[in-house]
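Participant: Next one to model:
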Amino acid sequence: MTPRKLMDCDYSVFVSYAQADDLAWNSWVTCFMKELNMTLRGRVRMERKIPPIFQDRKNGPVAGDLQTQLRESIAASFAMILIVHDNYGDSGWCQKELEYFKSLFNNDGFLERLYIVALSKDAIDNLTATAKWKALCPTSDQIWMPFYQDDEPNIPLDIYSDKGIVATEFWRRFVRLREDLATKIRRSLDDSKEQTAGPAPDVQPQAGAATDAIVLPRAAAVDDYEWVRIYIESNQNEVDHWESVGAQIRSSWEKVVTGMRLAPPLYVRPYGLPMDKIDQYPRLDDADGVVLLWGQKTADSLVAQINTVEKKLPGPDLAPGVVAYLMPPHALSEQRVSALGWKVLRFTAPSGGDVKVTDQDSPGLETFLREVLERRKQRQERHS
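Facilitator: Numbering: from 1, shown residues only. A predicted model of the protein is given here:
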């Protein structure tokens, strides 16, 4: 079987892994798939919505013969990613998935569409030394990527370094894999375009649909989604407040998008932003919005943080930013306060309770989220 073109696939990637490895390493595989799901389409930069990643718990068979349905799912995938740690080699299902891939895609698919992520040096060495692996592998030097720590080669790299920030070392290796996959997907879509007699018609908004909705050229699959990424400062003084602010933002986001036609649906994903470590991280190119906390810090310190964050944001179209003015430690402010051009919104922050935007500033939070949505819409249009 010749490897399928993307337009003929139901899945962009089939991820083969042992669930025991995911459980043993703090949902490492699950987090890897989330990052790939969130960032792959943006790198493909094509008008067609790419298919979702196959996840056995989400897309797996619910009836019938398991082997047959797994084989069909692999056949309907553009590429396969193996994620290898100790339990992979002991999993009979993982071995069958690789055998299916080889039988369906042959040596060309094995070389072009197979990515091997090693979470343990011992595990990958043991796997590639087996007679079954050598029988399947078309070359003696099949490429695999090390995603384990340099000083602890049997411990996977941390995906997140602190409060949801993607770790730099993981990101460097992840980007290499993602960019290679995105390049092959773009090439497949370009080839399909050349063989098509005419361009496929775009899906037009329905009568009465909201004009500020994000509508992709083709309707998304039912279970497709995309994330809006908002970074929220997480500092030593208000270590838990960023999560509570994130919950408030998610609640307000639902009010903003209710009734809008968003295809695919957009969901807010708050990320902690540790300001004391911000210089260790790359630019915040994926930020759709930023929230800084104004609690136990001086106005001068806040201004310095605003300057630091703005240097990390890609310009000139900076991601929208607001300041969450926490009460307490601040007393209730009846007058508006300013912070270097950033909108300041007041939040009640009772000890041991949830952080909530004040009724007076709730419209301001919704305005911020509409700005986030508009910026996301503009970025989507540029990439289409």
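
Participant: Go through stretch 356-373 and flag the buried ones.
Facilitator: For stretch 356-373, the neighbour count (16 or more other Cβ atoms under 10 Å) marks 356-358, 361-362, 364-365, 367-369, 371-373 as buried. Placement of C-beta: from N, CA and C, glycine included.

Participant: can you give me the strands for the stretch 101-250 of the chain?
Facilitator: 114-118, 145-146, 160-162, 165-166, 226-233 (DSSP state E, counting those that start in this stretch).

Participant: just the ones you listed: most buried one?
Facilitator: For those, the largest average neighbour count (mean count of other Cβ atoms under 10 Å) is found in strand 226-233, namely a mean of 23.

Participant: got the CA positions of it in CSV?
Facilitator: Presented in CSV, the C-alpha positions along strand 226-233 are these (Å, rounded to 0.1, in the frame of the first residue of the first chain):
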residue,chain,number,x,y,z
GLU,A,226,-8.2,24.5,19.1
TRP,A,227,-6.8,26.3,22.2
VAL,A,228,-6.5,30.0,22.9
ARG,A,229,-3.4,30.3,25.1
ILE,A,230,-3.3,32.9,27.8
TYR,A,231,-0.3,33.3,30.1
ILE,A,232,-1.0,34.3,33.7
GLU,A,233,1.8,35.4,36.0
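
Participant: Quick one: list the elements packing against it.
Facilitator: If you count contacts as 3 or more Cβ pairs under 8 Å, 6 or more residues apart in numbering; DSSP states H and E, strand 226-233 packs onto helix 28-44, helix 241-257, strand 266-273, strand 289-294, helix 362-383.

Participant: That one versus helix 28-44: what angle between them?
Facilitator: Using axes from the mean of the first three to the mean of the last three Cα atoms, to 10 degrees, the inter-axis angle of strand 226-233 relative to helix 28-44 is 110 degrees.

Participant: Any idea how far strand 226-233 is from the middle of the chain?
Facilitator: 10 Å (Cα atoms, centre = their mean, to the nearest Å).

Participant: pLDDT averaged over that strand - what is it?
Facilitator: The average of the pLDDT scores along strand 226-233 is 85.

Participant: Compute the inter-axis angle for that strand and strand 266-273.
Facilitator: 30 degrees.

Participant: heads up, I number from 345, so please use that
Facilitator: With 345 as the first residue, the last one maps to strand 570-577.

Participant: I'd like to check the angle between strand 570-577 and helix 585-601, please.
Facilitator: 140 degrees.

Participant: and the angle from strand 570-577 to helix 706-727?
Facilitator: Using the same axes, to 10 degrees: strand 570-577 against helix 706-727 is 130 degrees.

Participant: Could you list the paired strands of strand 570-577 along with their orientation?
Facilitator: The strands beside strand 570-577 in its sheet (DSSP bridges) come out as strand 610-617 (parallel), strand 633-638 (parallel).

Participant: just those: most buried one?
Facilitator: By mean count of other Cβ under 10 Å, these have strand 633-638 as the most buried, with a mean of 25.

Participant: Pull the residues that contact that strand.
Facilitator: 572-577, 579, 582, 585-586, 589, 593, 617, 628, 646, 649-650, 653, 657, 663-670, 674, 683, 686, 688, 712-713, 715-716, 719 (Cβ atoms under 8 Å, 6 or more residues apart in numbering).

Participant: Report the rounded mean pLDDT for the helix or strand just after it.
Facilitator: For strand 633-638, the following helix or strand on the C-terminal side (DSSP states H and E) is helix 643-656. Across helix 643-656, the average pLDDT comes to 89.
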